[in-house]
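A.B. asks: generate a structure from the sequence data that follows.
(2 chains)
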Amino acid sequence: MHPFALSRTDTPAHAVAEHARDPQLAFIAGGTDLLGLIKDRAAAPERLLDINGLSSLSRIDLGPDGRLRIGALARMSEVAAHRDVREQFPVIAEALLFSASGQLRNMASIGGNIMQRTRCPYFRDEDGLPCNKRRPGSGCSALHGLNRSHAIFGWSDDCIATNPSDLSVALAALDAHVIVLGPTGERSIPFTDFHRLPGDTPDRDTALERGELIVGIDVPASVEARASHYLKLRDRASYEFALVSAAAAVAVDRGRIRSVRLALGGVAHKPWRLTSAEAALRGAKLDDIGKLKSGIAASFKDARPLAHNGFKVELAQRVAVRALQIAGGRA
Amino acid sequence: MSAVTPLMSVTVTVNGRGCTLTVEPRTTLLEALREHLGLTGTKKACDRGECGACTVHVDGRRVLSCMALAAMQDGKQITTIEGLARDGVLHPMQAAFIEHDGFQCGFCTPGQIMSAVAAVEEAKAGSPSAATDDLTKSFTLADLSRAEIRERMSGNLCRCACYPNIVAAVAEAAGRS
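C.D. replies: Alright, predicted model coming up:
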């Protein structure tokens, strides 16, 4: 690893001030993504600020209104094992348990999980192949390279990478908010606005500005959250990123869908909400497989597969149907 | 390239013994254990958090020492494979790996054993896994099926493919503990 300085901080306000004044500074919590990026020469911060001393950010609380607040420094394993998360927000517990490994889940923080960068092999390549996310203006090696694992929605000629976070797919489906502290105070970012589409600035993954620190994630209580499911398909049975995944949360009335929220992973630069499908599925009977398929197909009219990932268009629809059926079984 | 970064002092307890190390900020916990303390039981393989060979316990939890900075471990209790035996008697997990021939070349074995010891403790503490059918129920050691063990051990790769024997060893040690 290239050399860097390391210091600690004890207050969120100090962390924010340091980050705001120093463009070469990066926060480190679990370090499981950042250190990999530094080893792969895909990140080269000169200074790391260890934020693990911000103990107020480690809490997991269920509010009196049922709202879940997950502190940014809570570890993946702690959130996944949390009784309230397992009972009230199963899609979150499942997304976490299907991520990474036992060791990594003990280390990785929730804030870091939603900040993790793409697994596009060209972006991670140690020899530094052209990549607009890594070196703006250098080109996209994946566009005409091997792109089996890449996006089918929302990509640009500058970047076709996908977001690897399972948790983010669940949080997008549950209408969560990211709570961020900056130099002028806190702001709340709707989860679906937190990650960006690549456009012509794929080096920017999120809506965060310099000087901003994720302090937590708010997830509103809902009938849908209780009947929710995360389904992940991957090339290995475990310890692998998603090829395609789906988060489904549904409210059911006498066997018919009253409301549903669907998000896909592994298909875009951000968690991909299926808003057209959500509207089309309202009133559908959960056991009417034809209606579920046609409802979900409503969100695939703008799918644009690449040379090697055409299979994802069909696979993603099937994953969404199955996730919806399993979630419906919990209603 | 930035200027030379100042060395840092870190005090940790490793296998019950307190020690103070002087490390570069970029020194990983894995490198500190192997190169500063001579504890070469913990192995470096992928050095990217992908294989599990470097698994150790920090404050009782299994972590990957290749993805942790030594300078961030101040005040922590660290256990490596060298610290598992007690008074010359192997830990039940070590004994089970020998009994079930849970290795061939042995390179991944320290990481497998450290991971397995912690995985059994996690199961005892009621933590579910991706192989758990019903997340709303409390998990108990009696639920630790072969499928559960395979899932919970999936972060440790064995290129000799001793997986069936590793699973058998973990199952037996879990029953004994």
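A.B. asks: chain B: strands as residue ranges?
C.D. replies: Taking DSSP state E as the test, the strands found in chain B are B:8-14, B:17-23, B:55-58, B:61-64, B:77-79.
A.B. asks: what comes into contact with the first one?
C.D. replies: Yep, that's strand B:8-14 we're talking about. A:6, B:18-25, B:32-33, B:37, B:39, B:70-71, B:73-80, B:83 (CB atoms under 8 Å, 6 or more residues apart in numbering or on different chains). (C-beta placed from N, C-alpha, C; glycine too.)
A.B. asks: make a ChimeraX selection of whichever of those turn out to be buried.
C.D. replies: To isolate the buried members of the contacts of strand B:8-14 in ChimeraX, using 16 or more other CB atoms under 10 Å in any protein chain shown:
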select /A:6 /B:21,23,24,25,32,33,37,39,70,71,73,76,77,78,79,80,83
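A.B. asks: still on that earlier bit, mind putting the strands of chain B into CSV with distance to residue A:114 and mean pLDDT?
C.D. replies: As requested, these are exported to CSV (distance: least, CB to CB, whole Å; pLDDT from 0 to 100):
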stretch, distance to residue A:114, mean pLDDT
strand B:8-14, 29, 98
strand B:17-23, 30, 97
strand B:55-58, 24, 98
strand B:61-64, 20, 98
strand B:77-79, 29, 98
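A.B. asks: go through the ones you listed and name the closest to residue A:248.
C.D. replies: The closest of these to residue A:248 is strand B:61-64. By CB to CB, the value is 31.6 Å.
A.B. asks: am I right that residue B:102 is in contact with residue B:96?
C.D. replies: Yes: assessed by CB atoms under 8 Å, residue B:102 is found in contact with residue B:96 at 7.3 Å.
A.B. asks: quick one, which of those two is more surrounded?
C.D. replies: Each of residue B:102 and residue B:96 has its neighbours counted (other CB atoms under 10 Å in any protein chain shown); residue B:102 has more, 28 against 25.
A.B. asks: now do the more buried one against residue A:275, distance only.
C.D. replies: 50 Å (CB to CB, to the nearest Å).
A.B. asks: list the contacts of the closest residue in space to residue A:279 that isn't next to it in sequence.
C.D. replies: Excluding its sequence neighbours, the residue lying closest to residue A:279 (CB to CB, 6 or more residues apart in numbering or on different chains) is residue A:298, at 7.6 Å. Residues in contact with residue A:298 (CB under 8 Å, 6+ apart) are A:276, A:277, A:279, A:280.
A.B. asks: one more time with 7 Å
C.D. replies: A:276, A:277, A:280 (CB atoms under 7 Å, 6 or more residues apart in numbering or on different chains).
A.B. asks: for residue A:123, same thing?
C.D. replies: A:42, A:131, A:133, A:134, A:161.
A.B. asks: ok, residue A:5 next?
C.D. replies: Residue A:5 touches A:46, A:47, B:5, B:25, counting by CB under 7 Å, 6+ apart.
A.B. asks: out of the contacts of residue A:298, which is most surrounded?
C.D. replies: Result: residue A:277 is most packed of the contacts of residue A:298 (other CB under 10 Å), 23 neighbours.
A.B. asks: what is the mean pLDDT for the helix or strand harbouring that one?
C.D. replies: Using DSSP states H and E, residue A:277 sits in helix A:275-280. The average of the pLDDT scores along helix A:275-280 is 98.
A.B. asks: poorly predicted segments of chain B, please.
C.D. replies: B:1-4, B:177 (pLDDT under 70).
A.B. asks: domain parsing of it, as residue ranges.
C.D. replies: B:8-83, B:92-176 (automatic domain parsing).
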